[in-house]
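> 3D model of this:
(one chain, ligands or ions: 1)
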Amino acid sequence: MEVSQPNSMTARPAKLLVENVSKRFTSSRATVQALENVSLTVTEGEFVCLIGPSGCGKSTLLDIMAGLTMPDSGRVLADGKLVEGPGRQRLVMFQESALFPWLDAFGNVMFGLKLRPDLTHAERKDIANHFLHLVGLEKFKRSHVHELSGGMKQRVSLARALAPDPQVLLMDEPFAALDALTRDQLYDDIQRIWMESRKTIVFVTHNVREAVCLGDRVVLMSPSPGRISKIFEIKLSRPRDINSPDLAGYTSKVAAALKGTLKGAVFE
Ligand SMILES: Nc1ncnc2c1ncn2[C@@H]1O[C@H](COP(=O)(O)OP(=O)(O)OP(=O)(O)O)[C@@H](O)[C@H]1O
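Sure thing, here's the model as predicted:
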């Protein structure tokens, strides 16, 4: 299967280097080769989207980048250092918000700042307020989790992940459970925040349009065994509007290739 990694950003340093990573899961019922020989370079400040059919290993790859799962073979380097476990420079944001229900929005962001023992309590409060403002929730800082909508919860999760100032943000379908309108708003917000902060982001999604709207590159994976089958470079200016016609050409190209992975072939 063709593997190409065009990347106009190669002049920038590699933030994450995935080298020949393989991972197999064995249960009493079956053995699954979740990833086989996956290699990928993510450059500093890049926004990379991972897309592919269910079960192709996207989350497994993200977890390995995060240091939450160890590969059977191969390795991940972050800033040239071997990833051997989770670290505060690589934080993960999941589909379902993993907020603490007994804390309000502010308390949840403050909790994330426990990762920054170098800061005083007053500095943490300032930072928490700043990030709640950034995600548009300053008026809801005293709201408890059950009082927030799904979109608001994901905004708090985003503020909590950004507040400790990680260099890399790993996002696993963070908007999948939200309605279309809320998602469209969040696409604008995440692009604005990314353009301001220039974090390195790896973003898992099932949604081709979402991947094309957000990614500098869209990495298409194929299942059984999980591999990278093709990488698309998205050369559209930012900020991008998910509903703009410019996106359509890329979207149909990626969608056709995605369909191909389901049939066992990949189209250009
Ligand atoms: N802890 C585990 N134990 C056993 N099998 C697992 C485990 N985690 C993942 N798998 C299997 O590994 C394969 C890849 O799973 P993974 O969740 O990475 O895929 P995915 O592309 O993220 O899927 P989806 O899009 O449905 O979330 C699947 O076949 C899955 O069943």
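
> Mind splitting this protein into its structural domains?
With automatic domain parsing serving as the domain definition, the record reports that the chain contains domains spanning 1-89+170-268, 93-165.

> Could you give the bridge partners of the residue lying closest to Arg90 once chain neighbours are set aside?
Leaving aside its sequence neighbours, Arg90 sits nearest to Val168 (Cβ to Cβ, 6 or more residues apart in numbering; 4.4 Å). Bear in mind the C-beta positions are built from the backbone N, C-alpha and C, glycine included. Judged by DSSP bridges, the bridge partners of Val168 are Arg90, Thr200.

> who's in contact with the closest residue to Leu82 other than its chain neighbours?
With Cβ to Cβ, 6+ apart as the criterion, Leu82 has its nearest non-adjacent residue at 6.0 Å, and that residue is Arg75. By Cβ atoms under 8 Å, 6 or more residues apart in numbering, the contact set of Arg75 is 19-21, 82-83.

> and the residue nearest to Arg90, what does it touch?
Residues in contact with Val168 (Cβ under 8 Å, 6+ apart) are 15-16, 42, 65, 78, 89-91, 199-202.

> and if we set it to 7 Å?
Taking Cβ atoms under 7 Å, 6 or more residues apart in numbering as the definition of contact, the neighbours of Val168 are 15-16, 78, 89-90, 199-200.

> want to try a markdown table for the residues you listed, with neighbour count as columns?
Listed next are those as a markdown table, based on neighbours: other Cβ atoms under 10 Å:
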| residue | neighbour count |
| --- | --- |
| Lys15 | 23 |
| Leu16 | 23 |
| Ala78 | 21 |
| Gln89 | 17 |
| Arg90 | 22 |
| Lys199 | 20 |
| Thr200 | 24 |
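
> Tell me the secondary structure at Pro71.
The three-state label for Pro71, taken from DSSP: H, G, I helix; E, B strand; the rest coil, comes out as coil.

> Excluding chain neighbours, what is closest to it?
Val21 (4.5 Å).

> any chance you could read off phi and psi for the one you found?
Dihedral pair for Val21: phi -80, psi 130, per degrees, to the nearest 10.

> quick one: the strands in the stretch 151-268 of the chain?
All strands of the stretch 151-268 of the chain, identified by DSSP state E, counting those that start in this stretch, fall at 168-172, 200-205, 217-222, 227-233.
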